[in-house]
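Student: Fold the stuff below for me.
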Amino acid sequence: MTTLALVESPVQLLHVIEWCHATGSADRTSVSVLAPRDATSRRQLRTMLGYAGEEGIGTRWHDPRQGAGGLLRTIASLRPSIAAADRLVVGDPFSGLLQLLLPAYRGRGLVVVDDGTATMEFASRVIDGRPLARWDAPPGLVARLRRPVAARARRILTPAPGAPVTLFTVMPANRAAGLAIHPNRYDWLRRRFGRPQVLPGTDIIGTSLVESGVVDAAAYLDQMAALATGSAGRYYAHRREDDDKLRRIAARTGLQVVRPDVPLEIELRRGPVAERVIGFPSSVGYTLPVVLASVGTTVRLITVKPSWLQPGIAAGAQEFLTTIVANQVSAARMPAARR
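Tutor: So this is what the prediction gives:
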């Protein structure tokens, strides 16, 4: 069975490697990277291609976001490969680009690999029959134009008799009829990088909630300063964080700002890592407890207060962010063997 994986971010490629390791599919899998624009993501993806090569996974690089010509070339190049694949592995079912490519698929084996907290929203929308649109997508003309495409993507990614869908994830996800859940244990990562050195202090995990317009910049900076009090740790920047914002965080907190050249899960597993890791609500609340299991590091997410949110944020934003923290707390209480 030939498998084609479509990924748009470094962490999606990490999870494809993990899926290949867990299923023994590396030698029958090829990955097409739909490269993003930002330099940090592209640099991390180039590094991840090396790890994929170590595992015998074939890769191809596409630049769909280099103008209209890049998009058309990518679609024309990928449609035959997608149509010929026995199985399709996708990283972000909410991606507009992916949703444009999905109708070309003619196989009967779809796999969605973990793409952060959106994984929980994906499972819920499949169950409820709602279009695959992001919870924080701003309303307007673009959202209305994309609605039919998102609805079609949801139908394609909904399990049906003879057309199963597998969710490969570390996240808690609601089960739907025909939706198989395959837990991601990060076995490849932990085997590949061994046990990290653990240092005293606190590391803080950055987020792009400010850049995406969800959290107020001043409130975020105040919270970082409060978390950093008495700590000599590091601030691990999210790949989408603004350089000016990072300079202000460094000046205000005294933390060493680090821009990793790999996904955070790899960066912290290869170490060193602090004995405490703190972050805003995000996927790291689920991934890092598994990645750092039994190494002596605790991971905690803080609760986002309504006063930190930007005016006009959708009513569901606070609920979604709160749910992430609540679920992460529950997951942290689970025995390590079940993670």
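
Student: okay, CA-based contacts and neighbour counts for the rest of this
Tutor: OK.

Student: Would you map the helices across the chain?
Tutor: 10-23, 39-54, 67-84, 96-101, 118-128, 141-156, 187-193, 217-228, 243-253, 264-270, 284-291, 316-332 (DSSP state H).

Student: And the second one, what's buried?
Tutor: Just to be clear, that refers to helix 39-54. 40, 41, 42, 44, 45, 46, 48, 49, 51, 52 (16 or more other Cα atoms under 10 Å).

Student: Return the member of these nearest to residue 275.
Tutor: Closest approach to residue 275 among the buried residues of helix 39-54 (Cα to Cα): residue 44, at 25.2 Å.

Student: Please tell me how far that closest one sits from residue 242.
Tutor: The spacing between residue 44 and residue 242, counted by Cα to Cα, to the nearest Å, is 17 Å.

Student: State the mean pLDDT of stretch 21-41.
Tutor: Across stretch 21-41, pLDDT averages out at 96.

Student: actually stretch 193-203, not the one I wrote
Tutor: 94.

Student: residues making contact with it?
Tutor: 228, 231-236, 266, 268-278, 295-297 (Cα atoms under 8 Å, 6 or more residues apart in numbering).

Student: residues contacting residue 179?
Tutor: Counted by Cα under 8 Å, 6+ apart, residue 179 has contacts 158, 159, 164, 165, 166, 167.

Student: and with 10 Å instead?
Tutor: 111, 123, 126-127, 157-160, 163-167 (Cα atoms under 10 Å, 6 or more residues apart in numbering).

Student: Between the residues you listed, which sits nearest residue 99?
Tutor: Nearest to residue 99 among these, counting by Cα to Cα, is residue 157 at 10.1 Å.

Student: Model confidence for the closest one, exactly?
Tutor: pLDDT, residue 157: 92.

Student: Quick check: beta-bridge partners of the closest residue in space to it that isn't next to it in sequence?
Tutor: Closest residue in space to residue 157, ignoring its immediate chain neighbours: residue 165 at 6.9 Å, by Cα to Cα, 6 or more residues apart in numbering. Listed beta-bridge partners, residue 165: residue 110, residue 179 (assigned using DSSP bridges).

Student: what about the residue nearest to residue 269 when sequence neighbours are not counted, neighbour count?
Tutor: Closest residue to residue 269 apart from its sequence neighbours, by Cα to Cα, 6+ apart: residue 196 at 5.6 Å. Residues lying near residue 196 (other Cα atoms under 10 Å) number 18.

Student: circling back: tell me the two of the buried residues of helix 39-54 that are most distant?
Tutor: Of all pairs in the buried residues of helix 39-54, the most separated under Cα to Cα is 40 and 52 at 18.4 Å.
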